[in-house]
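*Asks:* let's see this in three dimensions:
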Amino acid sequence: MCPLGIDVSQNGNVKTLESAGTIFEIEDSDILRILERPRAINVERNRSFDFEERPPSELSITSPRHSLKIIDHLEGLSPHGRRSGFNTPRSHTYFETHAMVAEAWENLRRSIVYYRRQPVGTIAALDHSVEELNYDQVFLRDFVPSALAFLMNGEEEIVKNFLLKTLHLQSWEKKIDQFKLGEGIMPASFKVIHNPVRNSEILIADFGESAIGRVAPVDSGFWWIILLRAYTRHTGDSSLAEMPDCQRGMRLILSLCLSEGFDTFPTLLCADGCCMIDRRMGVYGYPIEIQALFFMALRCALLLLKQDQEGKEFMERIVKRLHALSYHMRSYFWLDSKQLNDIYRYKTEEYSHTAVIKFNVMPDSLPDWVFDFMPTRGGYFIGNVSPARMDFRWFCLGNCVAILSSLATPEQAAAIMDLIESRWEELVGEMP
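*Replies:* Numbers count the residues shown, from 1 in each chain. You can find the predicted model right below:
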């Protein structure tokens, strides 16, 4: 049985199983089992932030043509419902009763970038102290949380404009030192340049040629597909995703990451600085963030691609890759106390198909801190796994995306949350 809720029929058509729902859905039994687990940390909460108690079945997503039930619930608490216009203030809502959230919305609106009088994104930061920094640009990865906030607030226009403008930028010819980049690469960021003399505006995109490490972004294309799915899922309008340009853009992104090469693993081999920030982070190889985003983007693309001849071919390739990727990640990237003890006792320099350690990782390379960090009950996906190298660092985004996309099994998802609770002071601290 396919663990991803995907079935390939004998005639080659790909269909999603109704029982599996969408990528954001968890089975009711899994939710109940997680809710019944004892909680190690007693966190003080403000009551107005909590949702009213509802059965888990009402939190599931069952049809791509209806809005998220959580969002419907939030809007039902407001007498004003959805926003009627982009510049109309939405006061007295469920969230904006809190000064901190109201201030966040004010800063978010101050960061909006306009192109030809249309909102197209938000700048990276409201920090103009150092002009040389690229904080005044719209980053694809940085805009995604802002886009989700806009969608939940009923402001779909800015998200749609962003998707279309970045899709247009994808079609540009991309060269770095006379070398032409792949056609499907999405920009890391873009900037609106105003020409007061000609009274005109132009877009300037950065595909890695201006980045500190001169590295093309791998995550931008994945974020674009994920956001397109979120927009389609929230609005119930599939016309944007079904546009020929959007379909072609998705296929170009998928062609880059599904192409066959010298790799022996289903994971994506990446350069350092290809995600998060364009600086050396020691995440070259197969970073967890990229693999989790890759998995999530593949699942989103499976729901967005049209079932024409080209679409079906990509769907079949996606299904095969999802099977291999999920097995690889759950088997080799997962670390808990049992796995940690097994690695410590690994033999090295083994040859043959029966080798216990398939990556020839030396037990002496295990950092001392990981034994103290790993709780008795809990686990996480480590940062990187490649030949003779394992990065045991904790990366929050990669693990959280693994939960959201169902890359993590229900047991692994619960273990990740157990680890966060057990190491709350180290991982969360005083963060609001």
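*Asks:* so when I look at residue 120, I'm seeing a strand, right?
*Replies:* Yes - Residue 120 forms part of a strand when assessed by DSSP: H, G, I helix; E, B strand; the rest coil.
*Asks:* so what's it up against?
*Replies:* Shown in contact with residue 120 (CB atoms under 8 Å, 6 or more residues apart in numbering): 113, 114, 138, 158, 161, 162, 165, 192. No exception for glycine: its C-beta is placed from N, CA and C like everyone else's.
*Asks:* can you tell me the closest non-neighbouring residue to residue 324?
*Replies:* In space, and not counting its chain neighbours, residue 324 is closest to residue 266: 3.8 Å by CB to CB, 6 or more residues apart in numbering.
*Asks:* report pLDDT for that neighbour.
*Replies:* As predicted, residue 266 sits at a pLDDT of 94.
*Asks:* what's the answer for residue 332, then?
*Replies:* 90.
*Asks:* from one end of stretch 298-317 to the other, what's the distance?
*Replies:* In stretch 298-317, first residue to last residue: 10 Å (CA to CA, to the nearest Å).
*Asks:* any idea of the mean pLDDT in that stretch?
*Replies:* Here the average pLDDT along stretch 298-317 is 94.
*Asks:* over to stretch 154-165?
*Replies:* 96.
*Asks:* pull out the buried residues from it.
*Replies:* Across stretch 154-165, burial judged by 16 or more other CB atoms under 10 Å covers 154, 155, 156, 158, 159, 160, 161, 162, 163, 164, 165.
*Asks:* same check, this time on stretch 190-198
*Replies:* Neighbour-count burial for stretch 190-198 [16+ other CB under 10 Å]: 190, 192.
*Asks:* quick one: contacts of it?
*Replies:* 113-115, 120-121, 134, 136-138, 165-166, 169, 200-206.
*Asks:* then stretch 166-177?
*Replies:* Under CB under 8 Å, 6+ apart, the answer for stretch 166-177 is 140, 180-182, 184-187, 190, 203, 205, 207-209, 214, 216, 220, 224, 245-246, 249, 252.
*Asks:* once you drop chain neighbours, what's closest to residue 208?
*Replies:* residue 216 (3.8 Å).
*Asks:* next, that neighbour: secondary structure please.
*Replies:* Quick answer, by three-state DSSP: residue 216 is coil.
*Asks:* so it sits against residue 185, correct?
*Replies:* Yes - look at residue 216 against residue 185 with CB atoms under 8 Å: they come within range, at 5.4 Å.
*Asks:* thinking again about what came up before, are we agreed that the residue nearest to residue 324 is in a helix?
*Replies:* No - counting by three-state DSSP, residue 266 falls outside a helix, being coil.
*Asks:* what residues sit buried inside stretch 226-240?
*Replies:* 226, 227, 228, 229, 230, 231, 232, 233, 234, 235, 238, 240.
*Asks:* repeat for stretch 196-206
*Replies:* Buried, per 16+ other CB under 10 Å, within stretch 196-206: 203, 205, 206.
*Asks:* with distance to residue 332 and pLDDT added, can I get these in a markdown table?
*Replies:* Shown next, in a markdown table, are those (distance: CB to CB, whole Å; pLDDT from 0 to 100):
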| residue | distance to residue 332 | pLDDT |
| --- | --- | --- |
| 203 | 41 | 89 |
| 205 | 36 | 86 |
| 206 | 34 | 85 |
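*Asks:* of those residues, which is the nearest to residue 304?
*Replies:* Proximity of the buried residues of stretch 196-206 to residue 304 (CB to CB) peaks at residue 205, which lies at 23.1 Å.
*Asks:* so who does the closest one touch?
*Replies:* Residues counted as contacts of residue 205 (CB under 8 Å, 6+ apart) are 169, 172, 187, 189, 190, 191.
*Asks:* the one helix or strand it maps to relative to strand 118-122, how many degrees between them?
*Replies:* Using DSSP states H and E, residue 205 sits in strand 200-206. If you take axes from the mean of the first three to the mean of the last three CA atoms, to 10 degrees, strand 200-206 sits at 30 degrees to strand 118-122.
*Asks:* sorry, back to before: what do residue 216 and residue 185 both touch?
*Replies:* The contact sets of residue 216 and residue 185 overlap at 174, 207, 208 (CB under 8 Å, 6+ apart).
*Asks:* adding secondary structure, write the buried residues of stretch 226-240 out as CSV.
*Replies:* Conversion of the buried residues of stretch 226-240 to CSV gives the following (three-state DSSP):
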residue, secondary structure
226, helix
227, helix
228, helix
229, helix
230, helix
231, helix
232, helix
233, helix
234, helix
235, helix
238, coil
240, coil
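*Asks:* quick check, nearest of the residues you listed to residue 408?
*Replies:* residue 226 (16.6 Å).
*Asks:* pLDDT at the closest one, what is it?
*Replies:* At residue 226, pLDDT is 97.
*Asks:* distance of it from residue 303?
*Replies:* Distance, residue 226 to residue 303, by CB to CB, to the nearest Å: 11 Å.
*Asks:* could I get the full set of strands for the stretch 301-432 of the chain?
*Replies:* 334-336, 379-381, 384-386, 389-391 (DSSP state E, counting those that start in this stretch).
*Asks:* the ones you listed: which one's closest to residue 259?
*Replies:* For residue 259, the closest of the strands of the stretch 301-432 of the chain is strand 384-386, at 19.2 Å, according to CB to CB.
*Asks:* let me see the mean pLDDT of that closest one.
*Replies:* When pLDDT is averaged over strand 384-386, the result is 84.
*Asks:* state the phi and psi torsions of the residue lying closest to residue 340 once chain neighbours are set aside.
*Replies:* Using CB to CB, 6+ apart and skipping residues adjacent in sequence, the residue nearest residue 340 is residue 374, 5.6 Å away. The phi and psi values for residue 374, taken as degrees, to the nearest 10, are phi -80, psi 120.
*Asks:* shaky segments in this protein?
*Replies:* Residue ranges of the chain with pLDDT under 70: 1-97, 130-132, 175-176, 178, 209-214, 273-274, 277-280, 345-363, 388, 432.
*Asks:* give the buried residues for stretch 299-309.
*Replies:* Under the neighbour-count rule (16+ other CB under 10 Å), stretch 299-309 has 299, 300, 301, 302, 303, 304, 305, 306 buried.
*Asks:* for those, give me CSV that also has distance to residue 403.
*Replies:* Listed next are the buried residues of stretch 299-309 as CSV, based on distance: CB to CB, whole Å:
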residue, distance to residue 403
299, 13
300, 16
301, 20
302, 19
303, 19
304, 21
305, 24
306, 29
